[in-house]
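>>> my questions concern the predicted model and sequence given below.
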Amino acid sequence: MKKQDIYFLGATILLFLPFFVSNDVYRFYKDFNHEHGMVMAFVKFAVLATLGELIGLRIKTGSYYQSGFGVWPRALVWGFIGLTIKLAFIIFATGTPGFLSYMGMSDATTVMKGSFSSAKLLVAFSTSAAMNIIYAPVMMTFHKMSDIHIVSNGGTMKGFLTPAHFDKILGGMNWDVMWNFVFKKTIPFFWIPAHTITFLLPPDVQVLFAALLGIALGTILAVAGKKK
């Protein structure tokens, strides 16, 4: 472990330490999170998923900082993605049990409120599968497009706010990596199982757990960008 890793780890610990040592801070977080879920979804992903990208940068380049990387633009993009993830959680956590009920599973809309059971696991798995098959590829593609836009404009906020030529970006993306690695491998073998666990958790904890998984997502997508 190098000095930069010690500094990065120390800064991360200091960032989250108040939530563990102060009951007042933790209580404020719980109340604010319950009352302002969308705001906290933005904050959680802006912070945690960006940390994942920094870890990915460390893996790729050996450093947590690189000129043109664009930490702040990436944080804004992750915050926006966090809003869409919260939205997706609400839609699929409501719609999937409704669909299962329509298909004949009469207790699908109520089983998630009870204790753990095989039926609850089935609903959580179905919700995760539906969300990751329908929503995740769109989100991952958008993230990759924004990533290319940020880097191609020097990683500055001014460059980030310039019009993005997504038609050209889409044409120049490495779809072999996106399809064969990001979609075909990470979605069925990591994200569907991981979000099955997510949907088994209480609603107020789900987005936080998903944001922690965002660290893994940022790392995976960063490593995927290194693959040829």
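That came in fine, so what should we check first? Residues are numbered from 1 along each chain as shown.
>>> switch to C-alpha atoms for all contacts and neighbour counts from now on
Fine.
>>> domain parsing for this protein?
As given by automatic domain parsing, the domain ranges for the chain are 1-35, 37-226.
>>> mean confidence score for the helix or strand hosting I150?
Element membership for I150, per DSSP states H and E: helix 136-152. The average pLDDT within helix 136-152 is 94.
>>> can you give me the buried ones in the helix or strand following that helix?
Per DSSP H and E, helix 136-152 leads on to helix 157-160 as the next helix or strand towards the C-terminus. Residues of helix 157-160 classed as buried by neighbour count (16 or more other CA atoms under 10 Å): 157, 159-160.
>>> likewise for stretch 32-51?
Those would be 33, 37-38, 40-51, for stretch 32-51 by 16+ other CA under 10 Å.
>>> please report the distance of the most far-flung residue of the chain relative to its centre from G98.
When each C-alpha in the chain is compared with the mean C-alpha position (CA atoms, centre = their mean), G104 comes out farthest, at 32.2 Å. As judged by CA to CA, to the nearest Å, G104 and G98 stand 10 Å apart.
>>> just F69 next, same as before
Going from F69 to G98 by CA to CA gives 43 Å.
>>> can you check A46 too?
As judged by CA to CA, A46 and G98 stand 31 Å apart.
>>> any idea which helix or strand in the chain has the lowest mean pLDDT?
helix 203-226 (a mean of 74; mean pLDDT, DSSP states H and E).
>>> what secondary structure does the residue farthest from the centre of the chain sit in?
coil (DSSP: H, G, I helix; E, B strand; the rest coil).
>>> would you list the phi and psi of it?
Dihedral pair for G104: phi 120, psi -10, per degrees, to the nearest 10.
>>> again with the one 3 residues further on
Note on D107: backbone dihedrals following degrees, to the nearest 10 are phi -100, psi 10.
>>> run a quick neighbour tally on it.
Counted with other CA atoms under 10 Å, residues neighbouring D107 total 15.
>>> skipping adjacent residues, who's closest to it in space?
Nearest residue to D107 in three dimensions, chain neighbours excluded: S101, at 6.9 Å (CA to CA, 6 or more residues apart in numbering).
>>> distance check, that neighbour against S115.
S101 sits 19 Å away from S115, going by CA to CA.
>>> from what I can see T127 touches F92, true?
Yes: taking contacts as CA atoms under 8 Å, T127 lies within contact range of F92: 6.0 Å.
>>> give me the more crowded residue out of those two.
T127 (24 against 21).
>>> so where does the more buried one fall, helix or strand?
Using DSSP H and E, T127 falls in helix 118-134.
>>> ok, and what's touching that helix?
The contact list for helix 118-134, computed with CA atoms under 8 Å, 6 or more residues apart in numbering, reads 88-89, 92-93, 96-97, 100, 108, 111-112, 114, 187, 191-193, 195-197, 199-200.
>>> ok, 7 Å please
Residues outside helix 118-134 that contact it (CA atoms under 7 Å, 6 or more residues apart in numbering): 92-93, 96-97, 108, 111-112, 187, 192, 195-196, 199-200.
>>> burial of the closest residue to F209 other than its chain neighbours, as a residue count?
Spatially, and ignoring its direct neighbours in sequence, F209 is nearest to T198 (6.5 Å; CA to CA, 6+ apart). Using other CA under 10 Å, T198 has 22 neighbouring residues.
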